[in-house]
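>>> got a sequence here, can you model it:
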Amino acid sequence: MELNLFIIGPSGCGKTTQAELIAQKYQLTHISMGQLLRDEMAAKTPLGLAVQTFVDDGTWAPDDLIFDILVGKLQKLNYQNFIIDGFPRVLNQAKYIEYFLKTKQHPFSLLIHLSVTFDEINARRAKLGKEFQEDDRTDNTPEAIAHRQASYDETIVPIKEYFKSKKKLYDVNGNRPVEPIFKDICKKIDKLR
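Numbers count the residues shown, from 1 in each chain. From the prediction side, this is the model:
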């Protein structure tokens, strides 16, 4: 049975780590939405150049651009057996990708949400900062993290409610080490098969 999974969570929650482990265990293609956009920009494709203008302005790229890039990638996978991390970010994207996959006869399997507290993310960032003293990110201050968390909460609650109503949401406690989180996610995925 095919698996078409999505994993989201606040910045610094560990979703990419979990996505990589899930992809490996279930032989899925891991797509990092952020990396996909960065690759398009680096390759200077027409879509990548269009995204770059929004990134340079410090604004989100519009949904239609994001979809064009994502759909191009999904097409190469015949729209199946993937895990996408960092997407959807807003309710419109959630509804559209669910509808789009249905039209391709490859339905949306599950949205995994890593619930991580603001304090835990701060602690992880502080630890990372110590490990990587040369880290030049300017967005790791407590204020920047708090701002990201607030805007994240605002957009993510409607997405969670939407997929919860369709019984396609798995909200997992992300305030734990990698292994127990991964085990819980695997138990949930195994029930889908």
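>>> so for residue 34, what's the pLDDT?
The model reports residue 34 with a pLDDT of 89.
>>> I misspoke; the intended subject was residue 131.
61.
>>> try residue 188
pLDDT recorded at residue 188 is 97.
>>> that one against residue 111, yeah?
No: shown here, residue 188 and residue 111 do not form a contact pair, counting by C-beta atoms under 8 Å, at 11.0 Å. Quick note: C-beta positions are derived from backbone N, CA and C, even for glycine.
>>> so, low pLDDT: which residues of the protein?
The model of the chain has pLDDT under 70 over residues 129-140, 145.
>>> max-length helix in it?
Looking across the chain with DSSP state H, the single longest helix is helix 142-165.
>>> what residues of it count as buried?
145, 148, 149, 152, 156, 159, 160, 162, 163 (16 or more other C-beta atoms under 10 Å).
>>> mind listing the strands for the protein?
Residue ranges of the strands in the chain, as given by DSSP state E, are 4-8, 29-32, 82-85, 110-115, 169-173.
>>> closest one to residue 69 among these?
strand 29-32 (10.2 Å; C-beta to C-beta).
>>> hmm, who's touching that closest one?
Applying C-beta atoms under 8 Å, 6 or more residues apart in numbering, the contact partners of strand 29-32 are 16, 19-20, 22-23, 70, 73, 77, 81-86.
>>> report the buried members of those.
Using 16+ other C-beta under 10 Å as the burial test, those include 16, 19, 22, 23, 70, 73, 81, 82, 83, 84, 85, 86 as buried.
>>> same list, these, but as a markdown table with distance to residue 178 please.
Listed next are the buried ones among the contacts of strand 29-32 as a markdown table, based on distance: C-beta to C-beta, whole Å:
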| residue | distance to residue 178 |
| --- | --- |
| 16 | 11 |
| 19 | 12 |
| 22 | 12 |
| 23 | 14 |
| 70 | 26 |
| 73 | 26 |
| 81 | 23 |
| 82 | 21 |
| 83 | 16 |
| 84 | 19 |
| 85 | 14 |
| 86 | 18 |
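>>> so which residue is dead centre in the chain?
When C-alpha atoms, centre = their mean is applied to the chain, the residue found nearest the centroid is residue 86 (1.7 Å).
>>> now for the closest residue to that residue other than its chain neighbours, how many residues are close by?
Distances taken as C-beta to C-beta, 6 or more residues apart in numbering put residue 33 closest to residue 86, at 3.9 Å, once the chain neighbours are dropped. A total of 20 residues lie near residue 33 under the criterion other C-beta atoms under 10 Å.
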